[in-house]
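# Okay, sequence plus prediction incoming.
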Amino acid sequence: MTRTALAAGRRHSVGVRADGSVVTAGIPQAPECRVGAWHDIVAVAAGNVHTATNTGRSHTVGLHADGTVVAVGWNGDGQCDVAGWTGVVGIAAGWRRTLAVLADGSVRAAGRTREGACDVEAWSEIVAASAGDWHSVGVRADGTATAAGNNRRGQCEVGGWRGLRSASAGYLHSVALTEDGRVLATGAVSAGTKEVSEWRDVVAVSAGSYHTVAVDTRGRVFAAGDNSRGQCDVASWREVVAVAAGSTHTLGLRADGAVLAVGDNEDGQCETTLWHL
C-alpha cells in the first residue's frame, strides 16, 4: 500500500498525522477541507488544477488502511463517488477526477471523461498512478509507464520510459523518478522539464501545475519551472523526506514531522506551521 502523507491542491493542502487523522489548510469552510471525521487514513490526494479565473473548486481523497476510500468536496462530475471501492493500494486526484490502484494491478477512475483521462480500464500491472489536470499516468510493475488523456504538449509521451519507481502528472507535463534516482520529464518546457534531467540521487518528485519539485537522499529540495508566486523557493530546505507540488504552492515534510510551505497563500493553503505529521 502506497503511503502518502502530503497533498497539495489548487487552494488547499492536506496532511496525514501518525494516528491516521487528517489536517487541512485552506478556506476553513470549503467542502474539500471537511476531513475532521476521517480516521485510519494512510494516504491522501488533493484535486489540483492550474490557477485560472474559472478554477478553484476541488476535492480531497483519503485511503483507509483497510483499502477503502473516502472523498469530500466538489463532486460535479462524480469524482467523489468512491464509497464502494475496495482493495485499493494507491490513490490519485486530479481536476474533476479520482484514480485508484487496486491490489491486482488494475485501475479504477471516477469523474470527468471528456478528455479521456479516465480511460484506464485497460491498464494492468500498475503499481502507482498520478492524475493531472487533463491526463493520467500509470507506472507498471516492470518499470514502464502508460498515459491517457489530453496530449497537446506531449505530456502523455511516456512510452519510452524505463526503470521507473514513480510518476507525477501536472497541467501540461509529466515527470517520473527512476530506480537510480534520476528524473525524466515530458511536456511543457515552462514547467521545468529540461532542468530536471540534471537532478541526481532523487527519492521523490512531484509535478505542480507549472513547476516540478524533488527531494534527494540528503534531504535537499530542488525546484524548476514557474516561480511567479515563490513556489520554487525551496533551496534552503533541509532534512526533507517528502514533497508535494500544488497549483502555485509547494509543501515539504521534514524528518521531524514539521511541514514547510512556500508559494501562493491567498487562501491559507500554506498555513502549515502548526502541523506535525
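Received it, and whenever you're ready, just let me know what you need. Numbering: from 1, shown residues only.
# Quick check: bridge partners of residue 69?
Counting by DSSP bridges, residue 69 is bridged to residue 63.
# List the contacts of residue 224.
By Cβ atoms under 8 Å, 6 or more residues apart in numbering, the contact set of residue 224 is 191-192, 195-196, 211-212, 232. To be clear about C-beta, it is placed using only N, CA and C from the backbone, and glycine gets the same treatment.
# Recalculate using a threshold of 10 Å.
Taking Cβ atoms under 10 Å, 6 or more residues apart in numbering, we find residue 224 in contact with 175, 183, 185, 190-199, 211-214, 232.
# Show me which of those are buried.
Buried by 16 or more other Cβ atoms under 10 Å: 175, 183, 185, 190-193, 195-196, 199, 211-214, 232, out of those.
# Give the single residue among these positioned nearest to residue 6.
Nearest to residue 6, judged by Cβ to Cβ, of the buried ones among the contacts of residue 224 is residue 213 at 11.0 Å.
# pLDDT score assigned to that closest one?
Looking at residue 213, its pLDDT stands at 98.
# Among the contacts of residue 224, which ones are in strands?
Those of the contacts of residue 224 mapping onto strands are 175, 183, 185, 211-214, per DSSP state E.
# Dump those into JSON lines; add distance to residue 160 as well.
Output for these, formatted as JSON lines (distance: Cβ to Cβ, whole Å):
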{"residue": "175", "distance to residue 160": "14"}
{"residue": "183", "distance to residue 160": "15"}
{"residue": "185", "distance to residue 160": "12"}
{"residue": "211", "distance to residue 160": "24"}
{"residue": "212", "distance to residue 160": "19"}
{"residue": "213", "distance to residue 160": "24"}
{"residue": "214", "distance to residue 160": "21"}
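# so who does residue 120 touch?
Going by Cβ under 10 Å, 6+ apart, residue 120 touches 97, 99-101, 106-109, 126, 129, 131, 136, 138, 146-149.
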